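Asker: structure here, sequence nowhere to be found:
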């Protein structure tokens, strides 16, 4: 792993918010690859020159989250296969069968299947109330504080802070995220 890849992994690590289920603050992902870093990483992994030329701009525009996940898994060359199959960030999360069909490597397919959810946490919208029944979906909580004084025989209460990138719940600015929002669940 070369210096650009190491620096990118370090920056991804800074964007990761750890807790019971880690997730990535994707607001910083696009900036990781907008100065030719994608091309440099592909070169570090000995990508074909025409792949570097063709796919580095697609990575910046259409698949920075996918590429970040692959860099984190130390498999950045797999982006070529995914982009050739017209897989972009807006299609995440992908099902395991699709990944296994496209990547032909069960180990990477399984690894990517698990990590992709860190790059597509749930987004909380004002006025939208629904049950999240997919156990793979990550809720982007910056902090969780158990409120033991409110526990009851049928459940417990927690105060959570939602990462600013993943909500539009602010009272003052509906269109702009100003910071984490706390709520009791």
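Answerer: Good, I have the coordinates. This is a predicted model, so every value here is computed, not measured.

Asker: okay, strands next: where are they in the chain?
Answerer: 16-17, 23-24, 141-146, 158-162, 181-184 (DSSP state E).

Asker: mean confidence for the fourth one?
Answerer: Going back to what we said before, that points to strand 158-162. The pLDDT scores in strand 158-162 average 70.

Asker: the second one too?
Answerer: Here strand 23-24 scores 79 as its mean pLDDT.

Asker: and what of the first one?
Answerer: Rounded to a whole number, the mean pLDDT of strand 16-17 is 84.

Asker: report the distance from it to the chain centre.
Answerer: A distance of 10 Å separates the centroid of the chain from that of strand 16-17, by Cα atoms, centre = their mean, to the nearest Å.

Asker: I figured residue 39 hits residue 56, correct?
Answerer: Yes. Between residue 39 and residue 56 there is a contact under Cβ atoms under 8 Å: 3.9 Å. The way it works is simple: take the backbone N, C-alpha and C, and place the C-beta from them, glycine included.

Asker: from the chain's centre, how far out does stretch 59-70 sit?
Answerer: So, by Cα atoms, centre = their mean, the centroid of stretch 59-70 is 10 Å from its chain's centroid.

Asker: just the buried positions in that stretch, please.
Answerer: 59, 60, 62, 63, 64, 65, 66, 67, 68, 69, 70 (16 or more other Cβ atoms under 10 Å).

Asker: over to stretch 74-91?
Answerer: So, applying 16+ other Cβ under 10 Å, buried residues of stretch 74-91: 75, 76, 77, 78, 79, 80, 82, 83, 87, 89.

Asker: and that stretch, end to end?
Answerer: Using Cα to Cα, to the nearest Å, one end of stretch 74-91 lies 22 Å from the other.

Asker: give me the mean pLDDT for that stretch.
Answerer: So the average pLDDT for stretch 74-91 ends up being 95.

Asker: now do stretch 115-134
Answerer: 71.

Asker: got the confidence number for residue 13?
Answerer: 92.

Asker: re the thing from before, and the buried residues of stretch 74-91 as CSV, adding distance to residue 156?
Answerer: Below are the buried residues of stretch 74-91 laid out as CSV (distance: Cβ to Cβ, whole Å):
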residue, distance to residue 156
75, 40
76, 42
77, 46
78, 41
79, 42
80, 47
82, 41
83, 45
87, 40
89, 36
